Structure formats: structure tokens, C-alpha cells
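J.: sequence and predicted model, in that order:
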Amino acid sequence: MNSIIGYYSTQFGELWDRSLDELLLEVFNSILIEHALEKEQIDAIFLGNMLGGTAGNSLLLEAHMAELLGIHTPIYRVEAACASGGMAVQMAHEYLLAHPESTVIALGGEKMTDISAEQITQALASAASPLEQSVGLTFPGVYALLAQIYLHTYHYTEEHLAAISVKNHSHGVLNEKAHFRRYVTVDDVLDSPYIAYPLKVLDSSPISDGAAAVLLSNKSSLVKASKAVTIRASEVATDTISLAKRGKLDELVATVIAGKKAFKASGLTQKNIHVMEVHDCFSIGEILALEDLGFWEKGQGGSQAKDMVTHIDSGNHLIVNTSGGLKAAGHPVGGTGIKQIGEIYLQLTGQAGKRQVKINPVCGLAHNVGGSGGVAVVTILSI
Amino acid sequence: MIGIVDYGFYIPKYRIKTKVIANQWGKCADKVERSLRITEKAVAGKDEDMCTMAYEAASPLIASDPSLKKSIGAVFIGSETFPYAVKPTSVILASMLNLSNNYLSYDTQFACKAATGALISAYALVKSGEVTHALVSGSDKANARPGDALEYSAGSGATAWILGQEKVVLEIKGWHSYTSETPDFWRRTGTPFPRHAGRFTGMPAYFTHIIQAVTRLLDKTNIKVDDISRVVFHMPNGTFPIKVAKKLGFSNQHIKDSYIVPQLGNSYSTSAFMGLVATLERAQKDEVILFASYGSGAGSDAILFRVTSEIETKRKKFRDMISRKEYIDYNTYAKYMEVTT
Amino acid sequence: MKQSPAFLWRKQTDDKKLLGKTGVILSWTEISVAPPKFASSTPYTVVLVEFASGERTYGQLVDFQETDRVIGAKVSAVYRRYGVVAKEDLIEYGIKFKPSLCTQ
């Protein structure tokens, strides 16, 4: 049995004063201090980061960490675009399955604000296929193609997408680490400039700096002494990098498969899940996630979103993206997957402060996607 | 019989009116239009260049006879706006058309007669039996310094011509090229806009060379003005071709079907060729067409064509095609013309 | 990233196969924020097209009216310049799409 026993996140936002190295050091050290652990007690480190190479010309981040911490511990860097963080936890989980009585840290972070808007657009486009890039289709552009097909097929409008941003922003107000802590209205979203039609600035997660870390262990004495949640499932599925090569264009099959595998491995069903963090890199992402994970029927997502059925004040039994999602909490790419799992950890252990869900959730799910659905990681936790 | 066995053309759909350009520079629009006799000109879009346009002109020819892919033994393009000073566009075109790798190819420059000279060379290669078919194209996205007089006429377009010995549509009865060193118009390497010598481009340049080439051609072929049904001349503006036709003894009847410069502007290396395309829409079997290009620097290629019965199967619609157009304002024009080479 | 000649050469070999083909728009978007190579062309439209063979590809949509830019519209592949490159770089040509004219 593997458990998550701790979580720490930096502020997400435009953190001009801190480099990637400094962000990663902050989360690593903070989590050690919180749990009164020495760095020598960490058996391995799993690091999720997407843009170290393209945005900062820095690879071999493993050695960066070793230098910062003065250690010789094995460090594994994983890149899976926006799913880098979720994958880091997944690999940490696999490691613990093979190494009993061990303790590891999975962390992720990103430094995105040192380069210009055009340069970051280019860097993020590396999560799209070479052909998508060569015709000038940006990463938002790929999701925009998905959004167009969804709205056209199921007869929804941009208003249905906007509702997701409205909900997640109101959750973000309650999250002191969120990039954005302000309310937005549907009109605010509709009035914001287009990035890739029909997706607008306020349909899209921002460019953020930030880092987060979770402490995982299967060392019985440590788990007993901590606020712990059990990892019931951590599953990965892949799909094509190109949207053009997909079978269906109104779903992310990687999510469907990873979700089914996670429910099977955990022995749980959708009914057991009361709190979720899903991948809303763009508003359409959350709608597709709820459908593809089997919570909403295909095509129902638009109207469910408009009715804000997963809002913290809805009184319903499934609350989604209390962290503010990628939209309001921010999306320092490598850090997001960690933050999502960390948020579920906080909810299940009653540590979510102002955004604590009142229904005493026992099981939660984190859903992290890379690219336009090229990889999906689904993690189910329970207390 | 040797000659043209098929032909194609491409004119981009955008047009800018002379009035709009004149107003941009605070000139009297009516006076400019009247003196140049150009009402509007064709403009290639931002992502088009002489290579993409040559492809549009040539690809239907290959599509209608795929055996040409193997039998074309020579590919020549003439232009003033090649994207590369070194790297042949004729090869890029041949590659996009999926021709074989067994052909002679080069790009030619001789101002507005770059392509017609290549046509004559191609004719000789086919006539001698050295190649079975030759592909010749003239294409330009012509540009001019903003505010210069050339801005009203410099236009875009492309034509493509297949030469061969079977099923000839336009038999080549004879040609004469008259050439002399005359500095009327030029563009230095590495500079974007051509320069011209004002009124010097008239009598000593355009008129002398066309008149000499045509006169000597008629002499050596023993063909008289009365034998000729239609004429096509290079069209740098709306007045020169009419004047030279008159000087040579031809009437408005002879020139009217080729006289397209008022609606399309001057597409430089394909200007005279485009006039020929317009003429062929109306030409009839057995008619003799006098064709004379002009290239600054300077020279004129005069060619006599005879129309065969094959025109009925190969005639291309022209006027209908060019009537599909979209007007643009000066800002859009400037954007489109940012990248010409 | 500079234009790689070998990359462009391979890409052009693939592009040739699609020239002249007609397909249907499966989806489209208009890009307003673009990477440096395309920054001066914004806003521009990109379409996902499916050919009769079932093969799909992407390309920019050109020479269109807004009424042409809808899911289900017929488009044909044409050959145009892609992006803006430095004065000394290799030019990139590629497949773009324009609305299919019924009479063609």
C-alpha cells in the first residue's frame, strides 16, 4: 500500500524573483521541514518538468537538483507535456511498489515567464505534432479544433464553455496559492480577446511559474505518524500526438482508458468519487474530462457545465477543481499534476481550509493530460 | 509541325484600383487612370509568389495528360521576381508537378521577355528532336517602389506552355529576336525595386525593339500585315501596345482581344503571354497571330503562330475566370506585397 | 529554430502527394496568438481536412469568405508559402486549402 503523506506548493503566478531551481528547492525543502525529515531519508526523487529545455535551455535537471540539495540520490526527470507532474507521481508510485519501506518525493515545477509570449507559444506548441506546428496550429489552436467539433456536434455555444471558467475562478478566490483570485462572469469570459477561436483568454489557463511537491511513502511507521491517504490507483494511457490521427474527435480516449483502468484497479466506481481535480487547460478540457471519465454522458457536458453542478456551493456530491483548476490556480506545466494530487490529498485529509468540501469526501480523483490527449494519468486516492 | 500543344494560366483573385493607389499618394485619380489607361491590376496574396503561381498555371496541364511527367525533357521559367538568386525555381516547379528527374532545367531573366526567350530555346530543342516535350512558364509577382509610377501597373500572374510535335494547337511559323544594349529599366542584385529611365523607356526601348523584331520577322517569313488576324504585344501600360500596333499598320480590331492590361496590369514576364491566352479564347482555326514581347535591357521576341483545329479541344476560358475578383484597399495591398521574392 | 533543409525536403516529398486533392473541413480555428514564424500573419485560419480516402491533414485556409469557413465545407489543396523566414533562410512551401469552386 502506497500513501501520500504530505504536500507543499509555492504560490503560482508571475514569480519574477525566483528561478526554476529556486522554486524546486523551495518545495523540496518545505516538505522536508513540515515532516521533520532529513534529505538522506528520501530514497528517490521524481521530477516533472516540460519546458526546462525549450524555455530555459536546461536539461539534466536531475543534476540541478542534486547540486541544489547536495545529494547523490537517484532522481528521475519525466516529461509528458502537461502531464509531467501526474507522471512523476505515477512513477514514484511504481517505484514504491518495487521498493518496500521507502519514502520518495514527487515534485514538479515550471518557469514560464522569462521569455516572450511568442516564444512561450512556440515552446508549448512542442506538445503538438510536427505537422500541427508546421501549419501554425498553436497548442490552444489544437484544443480550439476540439472545442469547435464539440460545440457543433452537441449544439452548444461559447457560453457553455465560459461557465467552466466562471466556476473555477470562484474556487480560485478561496485558494491562497492561486495565480488568479478574482471572480469572473460569463460576460467577462465572452468579452475577453480570442487566442484561437472559439477559445478566448478567459477560456485558457494562464502562463504561470510555480512548483509543488508530494511526499509518498510505504514505510509503515512514517505513514502511521502522518495524515495519510492511500493511492488506490495510478494509471496511464497514451494516444496519438496528432488530433488528425484520432478515431473520435469528441473525446480523449487516453482519458477514457486510463479512467477505466483506474476504476478497475481501485475497485471503485464513479459514485464513490466526491472530489476531483481534472485537466482544464482550456474550458473544453473539463467538459471532455467529466464525460470521458464516465461522470456525464457524452454530449451532456455543455448543459451540466452551464448549470455549474460541480461548484463547491452546488450542494451536489461531486465537486470539481476546488483548487481553481488550471484556469484560476495557474498552470506551471510540470507542477500542475502534483498540485492536482496535492489538492485531493488536502480535501481528503480535511486540510483544504476555506475551500474544504463539506461532504466529507472519502475518495478523490486527479486527472492530468499531456498535449491534446496524447497521454492521460488518472490517480484515485482514498482516506 | 512544332508548336504549343497545351497552355494554362493563373491570375490571383485580388485587385487594386488605380484610383485607390492614386488617392494613397494624393494624386488626381482620374488623370492617372486616363494617362496610363489602367483601371485596376491583379495582386497576388501574401503567401503567393511566382513559384506558387507558376504551379497553379502548369498543374492542370500535367493533370490532363500525366504521360507528360515522363516526356517533358526541358523545364524553363522566366521571371523578374525569383525567390532565389541561386536555387532554380524551375526545379521546384518540376518537383511539385512530379516530373521525372530526367530533364534539362534553368531559370531565365531578361526583364519582361525572360519567358518568351526561353520559349524560343524550348522550340529549338523540340524541333531538333532533342526533347519530346518542353514546359515553359512565365510568372511574376511584380513590385514597385511605393509612390513610383510603376506601382500602378506592376501586377501578378503566371502562364505555362507545353511545346511538342503532336496535336499542336499553335504552330510556330517563325521567330526573330532583336536585341541591343539599352539601359531603360533595371534592378540591381540584392535590391527590392526596379528603376526606370522615364521617357527613355519609350521610343529608344519599347518601340524600336518591337518594331525591328516584327519587321524583320515579317520580311524573312514573307508574311504581310494583311495575312495577320490578331496581334499580341507586351503591355507595360495601356497606351504603348496600341501605339506600336498602329505604327506597324494594325488596327484596334487586331489587338482588341489581347488588350487586357486595363483590367489586370502588367504581369511582367508573363504580360504578353497573358495577352496571348486572352486572344486564344477567341482565336479560330487557320488564323495567324503575331506575337511580340519586349524585355528591357533590351530586346523583343517576335513570333508568328498559326492556330490549328486543335484549338477547339484546348481553348481555355479566360474572361469568365478573371471576372471572379475581390477588391483590396492600399493597406492590404502593402501587406500582400511585403514579400514578393 | 532555423529551417532545416533536410526536414523541409522530407516534408515537401509528403506534401506533393496531396496537391490538387479535394477534402472536407472537419474543424477550423482562427489563430490570434502565434509563434514567431507566424506572428506577422495573425489572425489566420487553420483547418483539419479529411479526404475521400479517409486521410486527414491540417493546413491554413486561404482566399475564403466567412461563409466558406464552416464544418463540412469542401476545400482543395493548393501550394503556398508558409510563415515568414529570415532573408537568408530557405523558403518553406506547403499545402494550404482554399474553398472548392463547384465549377472547377
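T.: Received it, and whenever you're ready, just let me know what you need.

J.: can I have the strand or helix carrying C:Ser76 written out in CSV, keeping just the CAs?
T.: Using DSSP states H and E, C:Ser76 sits in strand C:74-81. The C-alpha trace of strand C:74-81 is given here as CSV (Å, rounded to 0.1, in the frame of the first residue of the first chain):
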residue,chain,number,x,y,z
LYS,C,74,-15.3,21.4,-49.4
VAL,C,75,-11.8,22.6,-49.9
SER,C,76,-8.9,21.8,-52.2
ALA,C,77,-5.2,21.7,-51.6
VAL,C,78,-3.1,24.4,-53.1
TYR,C,79,0.6,25.3,-52.9
ARG,C,80,1.6,28.4,-51.0
ARG,C,81,4.4,29.9,-48.8
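
J.: tell me the gap between it and the middle of its chain.
T.: Centroid separation between strand C:74-81 and its chain, computed with CA atoms, centre = their mean, to the nearest Å, is 6 Å.

J.: may I see the buried residues of it?
T.: Residues of strand C:74-81 classed as buried by neighbour count (16 or more other CB atoms under 10 Å in any protein chain shown): C:Val75, C:Ser76, C:Ala77, C:Val78, C:Tyr79, C:Arg80, C:Arg81. Just so you know, the C-beta spots here come from the backbone N, C-alpha and C atoms, and that holds for glycine as well.

J.: reformat those as CSV; add distance to chain A.
T.: Below are the buried residues of strand C:74-81 laid out as CSV (distance: CB to the nearest CB, whole Å):
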residue, distance to chain A
C:Val75, 13
C:Ser76, 16
C:Ala77, 12
C:Val78, 13
C:Tyr79, 14
C:Arg80, 11
C:Arg81, 12
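
J.: that older thread, check which element follows the strand holding C:Ser76 along the chain.
T.: Past strand C:74-81, the next helix or strand by DSSP H and E is strand C:93-99.

J.: contacting residues around that next one?
T.: A:134-135, B:47, B:51-52, B:92, B:96, C:11-12, C:15, C:18-19, C:23, C:47, C:49, C:57, C:59-65, C:68, C:73-82 (CB atoms under 8 Å, 6 or more residues apart in numbering or on different chains).

J.: any of those buried? List them.
T.: A:134-135, B:47, B:51-52, B:92, B:96, C:11-12, C:15, C:18-19, C:23, C:47, C:49, C:57, C:59-64, C:68, C:73, C:75-82.

J.: what ranges do the helices span in the stretch 151-300 of chain A?
T.: A:158-172, A:186-191, A:220-224, A:253-266, A:283-292 (DSSP state H, counting those that start in this stretch).

J.: mean confidence score for the shortest one?
T.: The one in question is helix A:220-224. What helix A:220-224 shows for mean pLDDT is 95.

J.: quick check: domain ranges of chain A?
T.: A:3-115+A:208-224, A:128-205+A:230-382 (automatic domain parsing).

J.: give me the helices and strands touching the lengthiest strand in chain C, please.
T.: Counting residues, the longest strand in chain C under DSSP state E turns out to be strand C:22-31. Under the contact criterion of 3 or more CB pairs under 8 Å, 6 or more residues apart in numbering or on different chains; DSSP states H and E, strand C:22-31 touches helix A:139-154, strand A:194-196, strand C:44-51, strand C:56-61, strand C:74-81.

J.: related to what we said a few turns ago, so what are the sheet partners of the strand holding C:Ser76 and their directions?
T.: strand C:22-31 (antiparallel), strand C:93-99 (antiparallel) (DSSP bridges).

J.: only the buried residues of the longest one, if you could.
T.: Of the residues in strand C:22-31, those with enough neighbours to count as buried (16+ other CB under 10 Å) are C:Gly23, C:Val24, C:Ile25, C:Leu26, C:Ser27, C:Trp28, C:Thr29, C:Glu30, C:Ile31.

J.: in contact with the last one, which residues?
T.: Contacts here follow CB under 8 Å, 6+ apart; on that basis C:Ile31 touches A:136-138, A:140-141, A:195-196, C:38, C:42-46.

J.: and A:His155, how many neighbours?
T.: 9 (other CB atoms under 10 Å in any protein chain shown).

J.: how far off centre is the helix or strand of chain C with the lowest mean pLDDT?
T.: Taking mean pLDDT, DSSP states H and E as the measure, chain C has helix C:5-16 as its least confident helix or strand, at a mean of 88. Put simply, helix C:5-16 sits 14 Å off its chain's centre (CA atoms, centre = their mean).

J.: for stretch A:324-342, same thing?
T.: For stretch A:324-342, the distance to the chain centre is 5 Å (CA atoms, centre = their mean).

J.: now do the end-to-end distance for it.
T.: Start-to-end span of stretch A:324-342 (CA to CA, to the nearest Å) is 13 Å.

J.: over to stretch C:68-85?
T.: By CA to CA, the extent of stretch C:68-85 from end to end equals 29 Å.

J.: mind listing what's buried in stretch A:62-71?
T.: For stretch A:62-71, using 16+ other CB under 10 Å, the buried residues are A:His64, A:Met65, A:Ala66, A:Leu69.

J.: these two touch, right, the first one and A:Asp21?
T.: Right, the one you point to is A:His64. Yes: assessed by CB atoms under 8 Å, A:His64 is found in contact with A:Asp21 at 5.6 Å.

J.: can you count the residues close to A:Phe12?
T.: 31.

J.: mind checking pLDDT for it?
T.: 98.

J.: among the domains of chain A, which is the most enclosed?
T.: Mean neighbour count (mean count of other CB atoms under 10 Å in any protein chain shown) peaks for domain A:128-205+A:230-382 among those, with a mean of 23.

J.: and that domain, anywhere near chain C?
T.: Yes: with CB under 8 Å from any CB of the partner chain as the criterion, chain C is reached by domain A:128-205+A:230-382 at A:131-138, A:140-141, A:144-146, A:148-149, A:152, A:193-199, A:243-245, A:249.

J.: next, give phi and psi for B:Ser180.
T.: phi -150, psi 150 (degrees, to the nearest 10).

J.: ok, now how distant is B:Glu281 from B:Tyr259?
T.: Separation of B:Glu281 from B:Tyr259 (CB to CB, to the nearest Å) stands at 13 Å.

J.: which one of the two has more residues nearby?
T.: Regarding B:Glu281 and B:Tyr259, a neighbour count based on other CB under 10 Å identifies B:Tyr259 as having more, with 22 against 15.

J.: gap between the spatially closest residue to that one that is not a sequence neighbour and A:His155?
T.: Distances taken as CB to CB, 6 or more residues apart in numbering or on different chains put B:Pro241 closest to B:Tyr259, at 6.6 Å, once the chain neighbours are dropped. The gap separating B:Pro241 from A:His155 is 59 Å, by CB to CB.
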